[in-house]
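Asker: Next come a sequence and a model predicted from it.
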2 protein chains.
Amino acid sequence: MVQNLIQHINGITPLTEEEEGIVAELVREKTLARKQFLHRAGEVAQYSAFVVEGCLRSYAVDRNGFEHILQFAPANWWISDMYSFVKNQPSELNVDALLETKVLLLSRSCQLSIFDRIPKLERYFRILTENALAASNHRTINYLSLPAKIRYEKFCTMYPTLINTIPQKSVASYIGITPEFLSKLRAEF
Amino acid sequence: MVQNLIQHINGITPLTEEEEGIVAELVREKTLARKQFLHRAGEVAQYSAFVVEGCLRSYAVDRNGFEHILQFAPANWWISDMYSFVKNQPSELNVDALLETKVLLLSRSCQLSIFDRIPKLERYFRILTENALAASNHRTINYLSLPAKIRYEKFCTMYPTLINTIPQKSVASYIGITPEFLSKLRAEF
DNA sequence: ACTTTTTTTTAATCTACATTAAGAATTGAA
DNA sequence: TTCAATTCTTAATGTAGATTAAAAAAAAGT
């Protein structure tokens, strides 16, 4: 389990064996059942999660009860409610499991202390956050400038694995349309 | 000029005088005229810019020639094409000035070398990027779950200064509607 | 294997927002 | 100050995508 995370870190900022040991001590393993929550809207997000196996998602629920998915996290992705995790404030996102999922949990306080002990890990998270921001910007531009059909096609090429693992209504929620309309788009091949 | 940046950094991770000197050496001052480009789509973004005075924007142009604004940067904000700047790849964003604007430019290579010389600055940029990601996520959720009228109201309370400085069509572009429709929304008070 | 729950499809109707076009108001450069 | 360019408004018409409803298909739990 922890090996997956260490490999991922080593791919970005190689660690010594001692540093690997510190990482192993600070994270906590957990298995989530399908639909089990990691974090609920209204609470402060205590943990950022690294997915070892399975898939999580973060989403907001609007005033009409509709869900809007912000992020999917398949294996080797981090997920959290970034706002809540960083500001220590309650926020509006939920995080739950789409499938049975194994994760490693890192609390914000552990993360901050690790930044002082192993500056390489501050770099690791800086780089991940830069990448996430670039991806988020790209998504915003797509959303502002492309029609639903093309957003769907892009999603398929971007996340080919997810297409066969998660329900279509989740894809619809992520690209910002109703499941009925996605079904219609798909009927046009 | 450089004092503005140093103050901003000190508000997050206080520097020694020596470190302040290093920062001052690594940035370059520049004044941009209204409509002058800092970065053009198709090129690699060399610089990240800290706005001292004025306002920049980043935007993409879609296949029909319409502009979609990703970010405004008034005084004390950083702006760049994050994807291009980080990956050293040409990208799809333009950055130009909405008003005459004074900026400090930091190249990616200077930034990376500064991270080794002054780890505090890696922390500074890590924190800024975390905040930017949280804000970007919040925008995405708003975009997925709120109708245009409410997105406009939120924009007004979020950026009260900008409302009176930049053209309305830029606001429309940022919140994802046409200027005509924004005009109609405003007519309903 | 069976039953319930969840997901997907189809189709009719509806609406938020886009498009087009043209005039009015502002802004800015000389 | 004036003229040209840009921005804003209004209004008629068009459309991508939402809503509603109901049935078919698939998946999950027992």
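Answerer: Sure thing, it's come through.
Asker: distance of the closest residue to A:I163 other than its chain neighbours from A:H68?
Answerer: Among residues not flanking A:I163 along the chain, A:C156 sits closest, at 5.7 Å (C-beta to C-beta, 6 or more residues apart in numbering or on different chains). Quick note: C-beta positions are derived from backbone N, CA and C, even for glycine. According to C-beta to C-beta, to the nearest Å, A:C156 and A:H68 sit 20 Å apart.
Asker: ok, the spatially most distant residue from the centre of chain A - contacts?
Answerer: In chain A, counting by C-alpha atoms, centre = their mean, A:E188 sits farthest out from the average C-alpha position, at 30.7 Å. Going by C-beta atoms under 8 Å, 6 or more residues apart in numbering or on different chains, A:E188 touches A:K149.
Asker: Please apply the same query to A:Q168.
Answerer: Counting by C-beta under 8 Å, 6+ apart, A:Q168 has contacts A:P179, A:L182, A:S183, A:R186.
Asker: Tabulate these in JSON lines, adding columns for secondary structure, neighbour count and distance to B:L121.
Answerer: Shown next, in JSON lines, are the contacts of A:Q168 (DSSP: H, G, I helix; E, B strand; the rest coil; neighbours: other C-beta atoms under 10 Å in any protein chain shown; distance: C-beta to C-beta, whole Å):
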{"residue": "A:P179", "secondary structure": "helix", "neighbour count": "14", "distance to B:L121": "46"}
{"residue": "A:L182", "secondary structure": "helix", "neighbour count": "19", "distance to B:L121": "45"}
{"residue": "A:S183", "secondary structure": "helix", "neighbour count": "13", "distance to B:L121": "50"}
{"residue": "A:R186", "secondary structure": "helix", "neighbour count": "12", "distance to B:L121": "48"}
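Asker: follow-up on the earlier one: any idea how far the residue farthest from the centre of chain A lies from DNA strand D?
Answerer: 11 Å (C-beta to the nearest atom of the strand, to the nearest Å).
Asker: okay, that residue: pLDDT?
Answerer: According to the prediction, A:E188 has pLDDT 88.
Asker: Need phi/psi at it.
Answerer: phi -80, psi 10 (degrees, to the nearest 10).
Asker: separation between it and A:E153?
Answerer: With C-beta to C-beta as the criterion, A:E188 and A:E153 are 11 Å apart.
Asker: now do A:I69
Answerer: In terms of C-beta to C-beta, A:I69 sits 18 Å off from A:E153.
Asker: So the two - more neighbours on which side?
Answerer: A:I69 (23 against 13; other C-beta atoms under 10 Å in any protein chain shown).
Asker: residues in contact with the residue lying closest to A:H8 once chain neighbours are set aside?
Answerer: Nearest non-adjacent residue to A:H8, counting by C-beta to C-beta, 6+ apart: A:N76, 5.6 Å away. Under the criterion of C-beta under 8 Å, 6+ apart, the neighbours of A:N76 are A:N4, A:H8, A:F50, A:V51.
Asker: hang on, the earlier thing: what's the local residue count around the residue nearest to A:I163?
Answerer: 12.
Asker: And it, its phi and psi?
Answerer: When quoted as degrees, to the nearest 10, the phi and psi of A:C156 stand at phi -60, psi -40.
Asker: What of A:G65?
Answerer: For A:G65, the backbone dihedrals (degrees, to the nearest 10) come out as phi 90, psi 0.
Asker: Just give me the residue right at the centre of chain A.
Answerer: Note: chain A centre (C-alpha atoms, centre = their mean) maps to A:I79, 3.2 Å.
Asker: Before we move on, what's the pLDDT of it?
Answerer: 97.
Asker: cool, A:L15 as well?
Answerer: Predicted confidence (pLDDT) for A:L15: 95.
Asker: what does A:I6 give?
Answerer: 97.
Asker: is the host helix or strand of A:S136 anywhere near DNA strand D?
Answerer: According to DSSP states H and E, A:S136 maps onto helix A:119-145. No - applying C-beta under 7 Å from any atom of the strand, one finds helix A:119-145 separated from DNA strand D by no less than 9.8 Å.
Asker: Now that helix: buried residues?
Answerer: By 16 or more other C-beta atoms under 10 Å in any protein chain shown, the buried positions in helix A:119-145 come out as A:119-126, A:128-145.
Asker: residues touching A:F155, list them.
Answerer: By C-beta under 8 Å, 6+ apart, A:F155 lies in contact with A:I163, A:V171, A:Y174, A:I175.
Asker: and chain A, which residues reach DNA strand C?
Answerer: Contact residues, chain A versus DNA strand C (C-beta under 7 Å from any atom of the strand): A:P167, A:Q168, A:K169, A:P179, A:E180, A:L182, A:S183, A:K184, A:R186, A:A187.
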